[in-house]
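# Provided below are the primary sequence and the corresponding predicted coordinates.
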Amino acid sequence: MRILVIGAGGREHALVWKIAQSKLCDKIFCAPGNGGIAGLAECIDIKADDVAGLLDFARKEKIDLTVVGPEVPLSLGIVDEFAKYKLAIFGPNKKAAQLEASKVFSKEIMAKYKVPTADFKIFDNAGLAKEYIEKTGAPCVVKADGLAAGKGVVVAKTVDEAKAAVAMMMEQKAFGSSGNKVIIEECLSGQEASILVLTDSRQVIPLVSSQDHKRIFDNDAGPNTGGMGAYSPAPVVTPELFQEIQEKIINRTIDGLAKEGIEYKGILYAGVMLTKDGPKTLEFNVRFGDPETEAILPRLKSDLVEAMLATANGKLDKIIRSGGLSWDDRACVCVVCAAGGYPGDYEKGKEIFGLDKAALMKDSVVFHAGTKKSGDKILTNGGRVLGVTGLGNSIKEAILHTYQAVEKINFEGMHFRKDIGAKAL
């Protein structure tokens, strides 16, 4: 099969790495890819949001399966466009992708179908939103309705912080039209877990649990980022809790969408807060998480391409009848190495050293995120540069293997958290 992967991050490198192991795979293309992906796939200079360009390429190159990494092309309707030409593509269609592209849509679905989530109120007027905040107080969470590159959620500890977030989203238009509406919601407390499932709208196959680390500094201090690391499994998600999440959050959402006439095929990712009152949904994403994917896929023993094809073709029951997905019992940890300045303005073009030494480490893989190839050199080219991943017989051993690999790598300005996975010990 000729397979096209769309995206350029650590998630896409992990997808390409796993797809390359499939017996079904003959050739992989990646658009646009990165310096690490270039070692496994032919990188194509087409941007992930260039739906017309990607469609032309897939038709010309007779692509058998397209795998969409990031959310933007899904929200633009790439699946609908490919379907017009009967091209197999993994991911939800435009209507289903609203689950991530519009937080208002997502919360309304949750409310209608009794999916546990934080209490909330929706506003399209900044003044009314601020009045509501003054009345209800803090802490609270302010969310922009639309996509905002992972920056559209503010956990406000004070009323002033919450009002400033409303002003930033609705008046200063920091995220453009994505801030036309905001959600003010209850601030939940507890541990977060990431639950990802494959679904073809009728059947559901859960992946193994994981937890990510969103804040920039150790002990969950500092501003939110795209994710500074992840580990799998998440011991806090017991089998009973996993079952409850699947029944009350995953199944109710997929069934609810079906009742709305919306078919969902692809990965459904629920960010869940494990509160004292039970699991509650923080958000839905309509694609693989990043960096969770880098901690989950190294544990997958089954053929990912088979599972994706079955999902795209509405035949997930075949995978279930054949025994479902098979997993490595070992734990996996991913530590993100970031560029100087990240998550603010960051440096680019710094040479990365030690990748060859890290590649020799047993049970470790280095997934590239913000990198590019320049001659024989690999240079930094993004905020999150590398996802260094290690397996071990326990979380403790996986942490050890991962940080041993991290120690082999360096570039000017490199920084990373030193407590990834510690929460699970």
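Okay, I see it.
# Please report the distance of the closest residue in space to residue 76 that isn't next to it in sequence from residue 72.
With C-beta to C-beta, 6 or more residues apart in numbering as the criterion, residue 76 has its nearest non-adjacent residue at 5.4 Å, and that residue is residue 51. Every C-beta, even on glycine, is put in place using the N, C-alpha and C of the backbone. To residue 72, residue 51 is 10 Å away according to C-beta to C-beta, to the nearest Å.
# what do you get for residue 138?
For residue 138, the distance to residue 72 - C-beta to C-beta - is 32 Å.
# Between the two, point out the one with more neighbours.
residue 72 (21 against 17; other C-beta atoms under 10 Å).
# what about stretch 370-385, distance to the chain center?
Distance of stretch 370-385 from its chain centroid, counting by C-alpha atoms, centre = their mean, to the nearest Å, is 21 Å.
# Hmm, I typed the wrong one, I wanted stretch 298-307.
Worked out by C-alpha atoms, centre = their mean, stretch 298-307 lies 18 Å from the chain centre.
# Flag every buried residue along that stretch.
For stretch 298-307, burial by neighbour count (16 or more other C-beta atoms under 10 Å) applies to 298, 299, 300, 302, 303, 304, 305, 306, 307.
# Can you tell me which of the residues you listed is nearest residue 268?
When these are ranked by distance to residue 268 (C-beta to C-beta), residue 307 comes first, at 14.0 Å.
# Please list all residues in contact with residue 170.
With contact set as C-beta atoms under 8 Å, 6 or more residues apart in numbering, residue 170 has these partners: 123, 126, 129, 179, 180, 182.
# what do you get if the cut-off is 7 Å, keeping everything else the same?
Under the criterion of C-beta atoms under 7 Å, 6 or more residues apart in numbering, the contact list for residue 170 reads 126, 129, 179, 182.
# What of residue 354?
So residue 354 contacts 408, 409, 410 (C-beta under 7 Å, 6+ apart).
# My read is that residue 144 contacts residue 180, right?
No. The criterion here is C-beta atoms under 7 Å, and residue 144 misses it with residue 180 at 8.6 Å.
# Neighbour count: those two, which is higher?
Each of residue 144 and residue 180 has its neighbours counted (other C-beta under 10 Å); residue 144 has more, 27 against 15.
# Next, name the residue at the spatial heart of the protein.
The centre of the chain sits closest to residue 289, judged by C-alpha atoms, centre = their mean, with a distance of 1.7 Å.
# Now do the strands in the stretch 51-200 of the chain.
Secondary structure of the stretch 51-200 of the chain (DSSP state E, counting those that start in this stretch): strands at 65-68, 89-90, 120-123, 140-144, 153-156, 182-186, 191-199.
# and those strands as a markdown table, adding mean pLDDT and distance to residue 14?
Compiled in a markdown table, the strands of the stretch 51-200 of the chain are given as follows (pLDDT from 0 to 100; distance: least, C-beta to C-beta, whole Å):
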| stretch | mean pLDDT | distance to residue 14 |
| --- | --- | --- |
| strand 65-68 | 98 | 11 |
| strand 89-90 | 98 | 14 |
| strand 120-123 | 97 | 33 |
| strand 140-144 | 96 | 28 |
| strand 153-156 | 92 | 24 |
| strand 182-186 | 97 | 31 |
| strand 191-199 | 96 | 13 |
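# Go through these and pick out the most buried.
Most buried of the strands of the stretch 51-200 of the chain by mean neighbour count (mean count of other C-beta atoms under 10 Å) is strand 89-90; its value is a mean of 28.
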